[in-house]
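# can you look at this prediction? I've put the sequence above it.
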Amino acid sequence: RVACGSSCAPSNENLAGTMGALVKKKGQSQMYVLSNNHVLDTFSKISGIAANKLTQDEREKLLSLEPELSKRVFSQDEAIQKVADTTRVANSELRDEDKPRGAFIFLGPSGTGKTELSTVFNEVMYGDKDSLLTIAMGEYKEKHAIAKLIGAPPGYEGFKAGGGILPQAMRANPRRGVIFDEAEKAEVEVFDVLMQIIDKGELIDNVGRPYSFKDATLFLTSNIGAEYFLDPDLTFEQAKALALDALGKKFRPEFLNRFQGRENIICFQRLDTPTIERIARRELSKLNSRIEKRGLKLSLSDESISQM
């Protein structure tokens, strides 16, 4: 069962068209001959859920979450454990079904894995890397910019069309991760919208239409307090305390409390040199996978990577 608006439900004609190649005539009647794969493929097109994930056991996915996340996010064990634990609770009967599956704030310096953790989580739990939605919060510094996010207000051009970037994306696929990148850069009204989403599990657009976020996971990333994590004279716990204090000065308490009473505000550690070298090798591998079709390969020795 998938929470899906009328916009993603096919008409009888469309469904028949999808299955048209499978129709066989028997006497005067028509009979649909469907295999499991046909049903899964059609349901995948309707729901936005990757077909190869529809048959995967949910418990297996949840139990293997930490090792899957650790394959691409290095030296952030505490962050990975917290995200995995919260996700397992969200998939149990303890979950409040009127809220998103999860909502997190990721704090830490650039390049420590905040976006990468959100990305790999989306691939593992939602089965489709292309379903991840990234909102660059720096584009919403002005009050009027919120119209781009949820739709134009009455009297403005585009009002009747309804819906901005966020409603349109959720209408297309309500099962996805959403990254609000560099959250501290956005206008305060944007956070009123986010509070509505976290509280109610839905967003009401500019013309009053609801869009469900109950199967979504939200990630807010921020560089607030990054300088503390990069200070070699501070321990991680000291840096965390200072960064959380700085976060509290930027955002209203009622907003921060929406994140499981601040339990889902997660700090990322600065990376040591061996970890940075692992990341360099990972990125080198990605590059080679893109250029190998041209018969090219880039090789770097461990010594070269260390010097870089």
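Perfect, thanks for sending it.
# low-confidence regions, the stretch 51-200 of the chain specifically.
51-57, 93, 152-163 (pLDDT under 70).
# list the contacts of the spatially most central residue of the chain.
Closest residue to the average C-alpha location of the chain: Gly177 at 2.0 Å, with C-alpha atoms, centre = their mean. Going by C-beta atoms under 8 Å, 6 or more residues apart in numbering, Gly177 touches 118-119, 121-122, 125-126, 131-133, 216-219. Where you see a C-beta, it was placed from the backbone N, CA and C, and this is true even at glycine.
# then Glu78?
Residues in contact with Glu78 (C-beta under 8 Å, 6+ apart) are Ile266, Cys267, Gln269.
# pLDDT score for the last one?
In this case it means Gln269. Here, the pLDDT recorded for Gln269 equals 94.
# neighbours of Gly102, just the number please.
By other C-beta atoms under 10 Å, the residues close to Gly102 number 22.
# so what's the backbone phi/psi at the nearest residue to it once chain neighbours are set aside?
In space, and not counting its chain neighbours, Gly102 is closest to Thr217: 4.3 Å by C-beta to C-beta, 6 or more residues apart in numbering. Main-chain dihedrals, Thr217, degrees, to the nearest 10: phi -120, psi 130.
# what does Arg72 give?
Dihedral pair for Arg72: phi -130, psi -10, per degrees, to the nearest 10.
# hmm, it is touching Arg282, no?
Yes - judged on C-beta atoms under 8 Å, Arg72 makes contact with Arg282 at a distance of 7.0 Å.
# specify the beta-bridge partners of the residue nearest to Gly102.
Thr217 forms beta bridges with Gly102, Gly177, as assigned by DSSP bridges.
# what packs against the top helix by length along the chain?
Taking DSSP state H as the criterion, the chain has its longest helix at helix 273-291. Using 3 or more C-beta pairs under 8 Å, 6 or more residues apart in numbering; DSSP states H and E, the elements in contact with helix 273-291 are helix 302-307.
# got the CA coordinates for the helix it packs on in CSV?
Taking C-alpha atoms only, helix 302-307 is exported to CSV below (Å, rounded to 0.1, in the frame of the first residue of the first chain):
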residue,chain,number,x,y,z
ASP,A,302,49.3,5.8,-2.6
GLU,A,303,52.3,8.1,-2.4
SER,A,304,50.8,10.6,-4.9
ILE,A,305,47.4,10.6,-3.1
SER,A,306,49.2,11.3,0.2
GLN,A,307,51.1,14.2,-1.3
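# how about the helices in the stretch 151-300 of the chain?
Along the stretch 151-300 of the chain, counting by DSSP state H, counting those that start in this stretch, helices occupy 165-172, 188-200, 226-229, 236-250, 253-256, 273-291.
# for the closest residue to Ala280 other than its chain neighbours, give me its contacts.
Distances taken as C-beta to C-beta, 6+ apart put Ile305 closest to Ala280, at 5.1 Å, once the chain neighbours are dropped. By C-beta under 8 Å, 6+ apart, the contact set of Ile305 is Glu277, Ala280, Arg281, Leu284.
# name the nearest residue to the third one, ignoring sequence neighbours.
Among residues not flanking Arg281 along the chain, Ile305 sits closest, at 6.7 Å (C-beta to C-beta, 6+ apart).
# can you tell me how far the one you found is from Thr86?
As for Ile305, its distance to Thr86 is 35 Å (criterion: C-beta to C-beta, to the nearest Å).
# ok, Val124 next?
Val124 is 14 Å from Thr86, where distance means C-beta to C-beta.
# again with Asp199
In terms of C-beta to C-beta, Asp199 sits 17 Å off from Thr86.
# what does Glu202 give?
Going from Glu202 to Thr86 by C-beta to C-beta gives 20 Å.
# Ala280 too?
Ala280 is 30 Å from Thr86, where distance means C-beta to C-beta.
# who has more neighbours out of those two?
Thr86 (21 against 15).
# name the residues of the longest helix of the chain that are buried.
Within helix 273-291, the residues scored as buried using 16 or more other C-beta atoms under 10 Å are Thr275, Ile276, Glu277, Ile279.
# mind listing the helices for the stretch 1-150 of the chain?
12-18, 36-47, 51-54, 58-63, 65-70, 77-90, 114-126, 146-150.
# now render these as JSON lines, adding distance to Leu298.
Output for those, formatted as JSON lines (distance: least, C-beta to C-beta, whole Å):
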{"stretch": "helix 12-18", "distance to Leu298": "44"}
{"stretch": "helix 36-47", "distance to Leu298": "36"}
{"stretch": "helix 51-54", "distance to Leu298": "31"}
{"stretch": "helix 58-63", "distance to Leu298": "34"}
{"stretch": "helix 65-70", "distance to Leu298": "26"}
{"stretch": "helix 77-90", "distance to Leu298": "29"}
{"stretch": "helix 114-126", "distance to Leu298": "21"}
{"stretch": "helix 146-150", "distance to Leu298": "39"}
